[in-house]
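A.B. asks: predicted model and sequence below, questions to follow.
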Amino acid sequence: MSDEEHGHGFSEMPHEPAPPEKRRLVAEPPLLARGVALGALAVGAGWLGIAALQKSALLAPLAAALGIVGALAGWAAAIHVTGGQKFDDHPFV
């Protein structure tokens, strides 16, 4: 059986797509504030990881964990500062 026989056929759009959002040079203030905070967390975690590794080689697991935290926080900061990730990319939304 085809999709159209099941009622799942999308031969035509049920309505017009939503208009594109207005482009911004700087992210909205809440996203920008979270991005700056996450950037500070990334820098702090990286600095603490390096300091822990310089203190003792026995702190290498802690330094590795702090490095991972710093990398993920930096990634999240970049997403927030640039306007956030959009999940409404479906043509019918």
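C.D. replies: Yep, that arrived.
A.B. asks: what residue ranges in the chain score low on pLDDT?
C.D. replies: 1-11, 13, 86-93 (pLDDT under 70).
A.B. asks: go again with 90.
C.D. replies: 1-31, 81-93 (pLDDT under 90).
A.B. asks: just the strands in it please.
C.D. replies: With DSSP state E as the definition, the chain shows no strands.
A.B. asks: distance from the chain centre to the lengthiest helix in it, please.
C.D. replies: Ranked by number of residues, the top helix in the chain under DSSP state H is helix 29-55. Helix 29-55 sits 16 Å away from the centroid of its parent chain (Cα atoms, centre = their mean, to the nearest Å).
A.B. asks: that helix packs against which elements?
C.D. replies: Other helices and strands packing on helix 29-55, by 3 or more Cβ pairs under 8 Å, 6 or more residues apart in numbering; DSSP states H and E, are helix 60-81. (C-beta placed from N, C-alpha, C; glycine too.)
A.B. asks: would you mind writing the CA trace of the helix it packs on as PDB?
C.D. replies: Taking Å, rounded to 0.1, in the frame of the first residue of the first chain, the C-alpha atoms of helix 60-81 are listed here in PDB:
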ATOM      1  CA  ALA A  60      45.500  14.200  35.300                       C
ATOM      2  CA  PRO A  61      42.000  12.600  35.500                       C
ATOM      3  CA  LEU A  62      40.600  15.800  37.000                       C
ATOM      4  CA  ALA A  63      42.400  17.900  34.400                       C
ATOM      5  CA  ALA A  64      40.900  15.700  31.600                       C
ATOM      6  CA  ALA A  65      37.400  16.100  33.100                       C
ATOM      7  CA  LEU A  66      37.900  19.900  33.400                       C
ATOM      8  CA  GLY A  67      39.100  20.000  29.800                       C
ATOM      9  CA  ILE A  68      36.000  18.200  28.600                       C
ATOM     10  CA  VAL A  69      33.800  20.500  30.600                       C
ATOM     11  CA  GLY A  70      35.700  23.500  29.100                       C
ATOM     12  CA  ALA A  71      35.300  22.200  25.500                       C
ATOM     13  CA  LEU A  72      31.600  21.500  25.900                       C
ATOM     14  CA  ALA A  73      30.900  24.900  27.600                       C
ATOM     15  CA  GLY A  74      32.900  26.600  24.900                       C
ATOM     16  CA  TRP A  75      30.800  24.900  22.200                       C
ATOM     17  CA  ALA A  76      27.500  25.800  24.000                       C
ATOM     18  CA  ALA A  77      28.800  29.400  24.400                       C
ATOM     19  CA  ALA A  78      29.400  29.700  20.700                       C
ATOM     20  CA  ILE A  79      25.900  28.400  19.900                       C
ATOM     21  CA  HIS A  80      24.300  30.800  22.400                       C
ATOM     22  CA  VAL A  81      26.300  33.900  21.300                       C
END
